[in-house]
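**Student:** Quick one, structure for this:
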Amino acid sequence: TISAAKAVMGQLSGQGVKLVLPALMRGLEDDKWRTKQGSVQLLGAMSHCAPKQLGACLPQIVPKLSETLVDTHPKVVEAATRALAEIGDVIRNPEIRGLSSYLLGAIAKPAELTAPCLDVLLEMTFVNTVDAPSLALIVPVLSRGLRDRKADLKKKAAKIA
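**Tutor:** Below you'll find the predicted structure:
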């Protein structure tokens, strides 16, 4: 099904992506696990066909995909993990691209990996501009750090923000 998703998304134009995206976002909220899995796979496959259009929509997509990471069905979780990894390839900022494994890990497992990710972000010096797709990966980690009970995580997240 992943190869079929890539084939379908490979034929879409930029305008087609804009038309398909709302239906895929609704599919993420469906109760049926197969619908969620299909929507997640298509969102991940979208990174191969229209990275520019997908980059503009990442602020809406990443929070929805991170919600599917805690789904009860393991195939949905697996598809969401794979889709987030594929979406991480859309990032053009070289600093964020280097940190994408930390950021995606902190999005996938916030309780365990938020603190190490914030440490790496604190050490990073940003030379290039941070665009919306890059912020789509950073903001969920920062908001998790700011909402945490531990004062040191809140301080680290506040310094970065």
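
**Student:** Check the protein and tell me which residue is nearest its centre.
**Tutor:** Val62 (3.6 Å; CA atoms, centre = their mean).

**Student:** show me what contacts that one?
**Tutor:** Shown in contact with Val62 (CB atoms under 8 Å, 6 or more residues apart in numbering): Leu84, Ile87, Ile107, Ala136, Leu137, Pro140. C-beta here means a position set from N, CA and C on the backbone, and glycine is covered the same way.

**Student:** In contact with the fifth one, which residues are there?
**Tutor:** The reference is to Leu137. Leu58, Val62, Gly88, Ile91, Ile96, Ser100, Leu103, Leu104, Ile107.

**Student:** Among those residues, name the ones in helices.
**Tutor:** Among the contacts of Leu137, DSSP state H puts Leu58, Val62, Gly88, Ile96, Ser100, Leu103, Leu104, Ile107 in helices.

**Student:** I'd guessed the fourth one sits against Val127; true?
**Tutor:** The one in question is Ile96. No. Counting by CB atoms under 8 Å, Ile96 stays clear of Val127, with 11.5 Å between them.

**Student:** before we move on, back to that, look up the pLDDT of the residue nearest to the centre of the chain for me, please.
**Tutor:** pLDDT for Val62: 87.

**Student:** again with Arg147
**Tutor:** 91.

**Student:** likewise the one 3 residues further on?
**Tutor:** Looking at Lys150, its pLDDT stands at 89.

**Student:** What's the separation between it and Gly88?
**Tutor:** Look at Lys150 and Gly88: by CB to CB, to the nearest Å, they are 27 Å apart.

**Student:** quick one: which of the two has more around it?
**Tutor:** Gly88 (21 against 11; other CB atoms under 10 Å).

**Student:** can you tell me how far Arg149 sits from Ala111?
**Tutor:** Arg149 is 11 Å from Ala111, by CB to CB.

**Student:** sorry, back to before: which members of the contacts of Val62 are the farthest-apart pair?
**Tutor:** Distance extremes for these: the farthest pair is Ile87 and Pro140 at 12.5 Å, using CB to CB.

**Student:** out of these two, which sits in the busier spot?
**Tutor:** Neighbours per residue (other CB under 10 Å) separate Ile87 from Pro140, with Ile87 holding more: 25 against 19.

**Student:** That one contacts Cys57, doesn't it?
**Tutor:** No. Taking contacts as CB under 8 Å, Ile87 lies outside contact range of Cys57: 10.1 Å.

**Student:** where in the chain is pLDDT low?
**Tutor:** Residue ranges of the chain with pLDDT under 70: 1, 50-51.
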